[in-house]
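Colleague: Requesting a structural model of the entry that follows:
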Amino acid sequence: MYTNFFSLSELPFSIAPNPKYLFMSDRHREALTHLSYGLDGSGGFVLLTGEVGTGKTTVSRCLMADLPASTQLAFILNPTLSSQELLATICDQLKIRYRKTGATLKTLTDKISEKLLKNHANDINTLLIIDEAQHLEAEVLEQLRLLTNLETNTKKLLQVILIGQPELQQLLKRRDLRQLAQRITARYHLLPLNQQELVLYIKHRLSVADCHRALFNDGALAAIHKLSQGIPRLINLICHSALMAAYNSNNSVVDKKIILKAASHALGDDFEQPVWWQQKNTKLAMAGSALLLVLFSGYWLGKAQPLQVTPLQVESDNAQETLLVANGENAKIAAIADVVEKVATQQVQVSPQPFLPEPKPEVIIEQKIVSAAAPIAKNSNQMTSNQSDKLQQAATAVAPNLAIPQKENYQVAAVDGVSDDLLARFQAAIDDTKNANTNQAEVEQTQTLADDVKPLTQMPTWVQKGIPSLKFEQHIYASDGEGWVKVNGRDRYEGDIVVEGLSIDKILPQQVILTYRGEKFSLPALTNW
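Modeller: Predicted coordinates for the structure are as follows:
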């Protein structure tokens, strides 16, 4: 073993709950404070939840070690019991004598009530701690609530601490358990260690094993935190496997490479190392390169291709008139702004026309707008007769009934006397109209997909019962399919498998589409099941 190689007195990262390796982080101390506060009150229920391996049992053992001598404790580790079995177990823990055969719920309840009254008369507090309480049936929890009905004018005679995983919080939200939920006097959710606490945790365990030098470099510590997500049990597994790997390869210090190799052995199927193109730095580099390529291509195309003029026909329900861009700047701004507003707010049909070989092309916009025609005509007296004839020919050449898809790219050419900024604003209005139609089509397609899939609550019973506990913490939607969700503490993308038989099919703006054994269903974003 590696103890001699690293000068350790014993194995420092065993998952056995050894009291001398107890590490109380700020989170654990805060959890212990909440539990103690709940016990100092008038009684009732106290709730402690946390993910697997975060140290809930460690906190409970620390609490039990500090209980005063005037407290009688009943500690239940196996909560998969019926109501009668639970009462019998409480009787065994409190040393209550009862007839083993033929004992009914009433008999056991009466025996426990007598014991509680006797303890109260002798100034003895009675405490019941149930670990893994998320496995309790609803009827068993209700039986516990009935036990706490026995009380005096100032306090309840039985105090109960429920310790379990986050599913326990969901269980207590059931309508038939609302009375029990209202009796919870203190609750605390134990979070994993942050990276700073992880460093102190590893240093503490090594020092207890008589090692006072750094066996893990900074890169290794960062990798451990990322892979374990700060859960102490996983930290122990990874560190133990890493020290074994370092010993086998004759390395006196564990680095990131050794951690990744050790995690694949220690975590098994739970180990996930993203491929190079899914890593955050790689994604940022690829996005930056793509942006530079698009900008360079746009600049090159803009230099290589001259602007062209295509007459546009806009149809409305008003009388038809031709709108000409006058030479006066105020008239230009008024005309263009009015047309931009119409183009952006109305559904239009655009007819393509052949390019007119004009030495000085003009922007021609034909629209049925009566109110804008009069002021424009007053400012257009500077145009030559030849230009007016050409504009009239271009207007009559428009095919009024020929409509093309709105995905065509229309470019506005330079006009003598019109500033580039004004033309750019008009071109942007046309592009925005096209993009709005495209975005609306994508939204309608996404909504159609969501409507075709049933929610989980409408699926068959075998599907609902087969779905494991799911906790969605983050929901990132992307129209290109690169969105992701954080479920049960892990990042998942479209096509990823959450657990065996359950995979993520599609991530929509407000929903997640999943498939369970061939059955497709939806869940709202950021939901808990």
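Colleague: Mind checking what secondary structure residue 257 has?
Modeller: Assigned with DSSP: H, G, I helix; E, B strand; the rest coil, residue 257 falls in the helix class.
Colleague: Tell me where the stretch 101-250 of the chain has strands.
Modeller: Listed in chain order, the strands found in the stretch 101-250 of the chain under DSSP state E, counting those that start in this stretch are 125-130, 158-164, 184-190.
Colleague: Dump those strands to a markdown table, plus mean pLDDT.
Modeller: Converted to a markdown table, these look like this (pLDDT from 0 to 100):
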| stretch | mean pLDDT |
| --- | --- |
| strand 125-130 | 93 |
| strand 158-164 | 94 |
| strand 184-190 | 90 |
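Colleague: Quickly compare those and say which is most buried.
Modeller: Across those, the average number of neighbours (mean count of other Cβ atoms under 10 Å) peaks for strand 158-164, which reaches a mean of 24. Any C-beta I mention is one placed from the backbone N, CA and C, and that applies to glycine too.
Colleague: and the angle for that one with strand 125-130?
Modeller: Angle of strand 158-164 versus strand 125-130, following axes from the mean of the first three to the mean of the last three Cα atoms, to 10 degrees, is 20 degrees.
Colleague: Quick one: the helices in the stretch 151-300 of the chain, in order.
Modeller: With DSSP state H, counting those that start in this stretch, the ranges of helices along the stretch 151-300 of the chain come out as 167-171, 178-181, 195-208, 218-228, 232-248, 256-267, 280-304.
Colleague: From the contact counts, what lies against the third one?
Modeller: Which is helix 195-208. For helix 195-208, the packing partners by 3 or more Cβ pairs under 8 Å, 6 or more residues apart in numbering; DSSP states H and E come out as helix 218-228, helix 232-248.
Colleague: picking that back up, could I get the strands of the stretch 101-250 of the chain as JSON lines with distance to residue 214?
Modeller: Rendered in JSON lines, the data for the strands of the stretch 101-250 of the chain read as follows (distance: least, Cβ to Cβ, whole Å):
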{"stretch": "strand 125-130", "distance to residue 214": "38"}
{"stretch": "strand 158-164", "distance to residue 214": "35"}
{"stretch": "strand 184-190", "distance to residue 214": "28"}
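Colleague: Any idea which of those strands gets closest to residue 88?
Modeller: Set against residue 88 and scored by Cβ to Cβ, those come closest in strand 125-130, at 13.6 Å.
Colleague: So what does residue 68 look like in phi/psi?
Modeller: When quoted as degrees, to the nearest 10, the phi and psi of residue 68 stand at phi -70, psi 160.
Colleague: Show the contacting residues for it.
Modeller: residue 125 (Cβ atoms under 8 Å, 6 or more residues apart in numbering).
Colleague: Can you get me a residue count around residue 468?
Modeller: When neighbours are counted by other Cβ atoms under 10 Å, residue 468 registers 13.
Colleague: got a list of what it touches?
Modeller: The contact partners of residue 468, by Cβ under 8 Å, 6+ apart, come to 499, 502.
Colleague: How about residue 59?
Modeller: Residue 59 is in contact with 28, 31, 32, 35, 48, 190, counting by Cβ under 8 Å, 6+ apart.
Colleague: which residues are contacting stretch 146-155?
Modeller: 42-45, 90, 109, 112-113, 116-117, 120, 156-158, 160, 183.
Colleague: hmm, 6 Å instead?
Modeller: If you take Cβ atoms under 6 Å, 6 or more residues apart in numbering as the criterion, stretch 146-155 is touched by 42, 43, 113, 116, 156, 157, 158.
Colleague: again with stretch 72-86
Modeller: Residues contacting stretch 72-86 (Cβ under 6 Å, 6+ apart): 89-90, 93-94, 105, 124, 126-133, 135-136, 139-140, 143.
Colleague: are any of these buried, and which?
Modeller: 89-90, 94, 126-133, 135-136, 140, 143 (16 or more other Cβ atoms under 10 Å).
Colleague: Show me where the stretch 401-529 of the chain has its strands.
Modeller: With DSSP E, counting those that start in this stretch as the criterion, the stretch 401-529 of the chain has strands at 472-476, 484-487, 490-493, 497-499, 502-507, 511-516, 519-524.
Colleague: Show me which residues of the second one are buried.
Modeller: In this case it means strand 484-487. For strand 484-487, burial by neighbour count (16+ other Cβ under 10 Å) applies to 484, 485, 487.
Colleague: Quick one: list the elements packing against that strand.
Modeller: Contacts defined by 3 or more Cβ pairs under 6 Å, 6 or more residues apart in numbering; DSSP states H and E place strand 484-487 against strand 472-476, strand 490-493.
Colleague: elements contacting the longest one?
Modeller: When contacts are defined as 3+ Cβ pairs under 6 Å, 6+ apart, strand 472-476 packs onto strand 484-487.
Colleague: Using CSV, write down the CA coordinates of the strand it packs on.
Modeller: The C-alpha atoms that make up strand 484-487 are tabulated as CSV, following Å, rounded to 0.1, in the frame of the first residue of the first chain:
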residue,chain,number,x,y,z
TRP,A,484,-27.8,22.7,-21.9
VAL,A,485,-29.4,22.0,-18.6
LYS,A,486,-28.0,21.3,-15.2
VAL,A,487,-29.9,18.3,-13.8
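Colleague: ok, it: who's next to it in the sheet?
Modeller: Strand 484-487 sits in its sheet next to strand 472-476 (antiparallel), strand 490-493 (antiparallel), going by DSSP bridges.
Colleague: between these, which gets the lowest average pLDDT?
Modeller: Least confident of those, judged by mean pLDDT, is strand 472-476 with a mean of 80.
Colleague: List the contacts of that one.
Modeller: Contact partners of strand 472-476, identified using Cβ under 6 Å, 6+ apart, comprise 483, 484, 485, 486, 487, 525, 526, 527.
Colleague: Mean neighbour count, mean pLDDT and distance to residue 17 added to the helices and strands packed on helix 195-208, as TSV?
Modeller: Listed next are the helices and strands packed on helix 195-208 as TSV, based on neighbours: other Cβ atoms under 10 Å; pLDDT from 0 to 100; distance: least, Cβ to Cβ, whole Å:
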stretch	mean neighbour count	mean pLDDT	distance to residue 17
helix 218-228	20	94	18
helix 232-248	21	93	10
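Colleague: Distance to residue 291 added to those helices, as a markdown table?
Modeller: Shown next, in a markdown table, are the helices and strands packed on helix 195-208 (distance: least, Cβ to Cβ, whole Å):
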| stretch | distance to residue 291 |
| --- | --- |
| helix 218-228 | 28 |
| helix 232-248 | 38 |
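Colleague: Residue 205 is nearest to which of those?
Modeller: Using Cβ to Cβ, those put helix 232-248 closest to residue 205, at 8.0 Å.
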